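Asker: kindly generate the corresponding structure for this input.
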Amino acid sequence: MQCNAAISGKISEYIDCICSYILLTSSPSTTEGDFMKKLFASAAVALSLAFTATAQAAPLQWTLADVTFDDGGTATGSFVYDADSNTYSNIALKTTAGTAGAAAEFRTQCTTAHCLSALPELLFIASANQSDLTNVPLLDIEPSAPLTNTPATVDLVFGMSFLCSNAACTGIGGGMRVFTTGQLIGTPYVAPPATPTSVPATGAWSLALLSMLLAAAACMYRRRKS
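Answerer: Residues are numbered from 1 along each chain as shown. You can find the predicted model right below:
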């Protein structure tokens, strides 16, 4: 059955594809009961595949573990990374003070031309304004392997923090310190529950079931016409 490409589209389109396939492969002697059983069995498999594919594409929350600097400070926190779209979100990293560097919080990915050219290094800054990064703390995290959407523990091969020496952060200013140990632990990201509203929302499975019932009715109508 050549309906695989439709899985990534709308569920209703996939079910309609199944309907067409069953109509083509059913004989005139097929009873309506057998026809419906075949339709619902195929549609159930389609829905299962669609929802499984969606679940597998979920981004991960990557958490710093046992990260220490050579000046006695530490780095903790996490960020969410979606490898499919190469996007970062929910960045909440922080460092504690040591003999060389000061405490700082990092909630923004550095996206200057210089920072982007350093990929796959993970660079985060302690300012939402990237027009002038002079004396802004930067946190450099370098994993031993590319981050994916598969849960894993990744060792850090290098890492450091420092103050940017100029507006584009192309140089290292003061407060430089480097990681001595550390890992990134990736786990499935669980989004916080949405704010309740007074209008009840229809769940994904309810919409899918409704689509399947409508498709079944359409299939029966098409079969009787043929």
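
Asker: output the lowest mean pLDDT helix or strand found in this protein.
Answerer: The helix or strand of the chain with the poorest confidence is helix 32-56; it has a mean of 57 (mean pLDDT, DSSP states H and E).

Asker: what's across from Thr153 in the sheet?
Answerer: According to DSSP bridges, the residues that bridge with Thr153 are Ile185.

Asker: so it makes contact with Gln183?
Answerer: Yes - counting by C-beta atoms under 8 Å, Thr153 does reach Gln183; the two are 5.7 Å apart. Backbone N, C-alpha and C define where each C-beta goes, glycine included.

Asker: same drill for the two, tell me which one is more crowded.
Answerer: For Thr153 versus Gln183, the count of surrounding residues by other C-beta atoms under 10 Å is larger for Gln183: 16 against 11.

Asker: packing partners of the strand or helix carrying Ile141?
Answerer: Per DSSP states H and E, Ile141 falls inside strand 137-143. Where contact means 3 or more C-beta pairs under 8 Å, 6 or more residues apart in numbering; DSSP states H and E, strand 137-143 is packed against strand 87-95, strand 104-106, strand 122-125, strand 152-163.

Asker: can you put these in JSON lines and add distance to Leu116 and mean pLDDT?
Answerer: Formatted as JSON lines, the helices and strands packed on strand 137-143 follow (distance: least, C-beta to C-beta, whole Å; pLDDT from 0 to 100):
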{"stretch": "strand 87-95", "distance to Leu116": "12", "mean pLDDT": "97"}
{"stretch": "strand 104-106", "distance to Leu116": "17", "mean pLDDT": "98"}
{"stretch": "strand 122-125", "distance to Leu116": "9", "mean pLDDT": "96"}
{"stretch": "strand 152-163", "distance to Leu116": "18", "mean pLDDT": "97"}
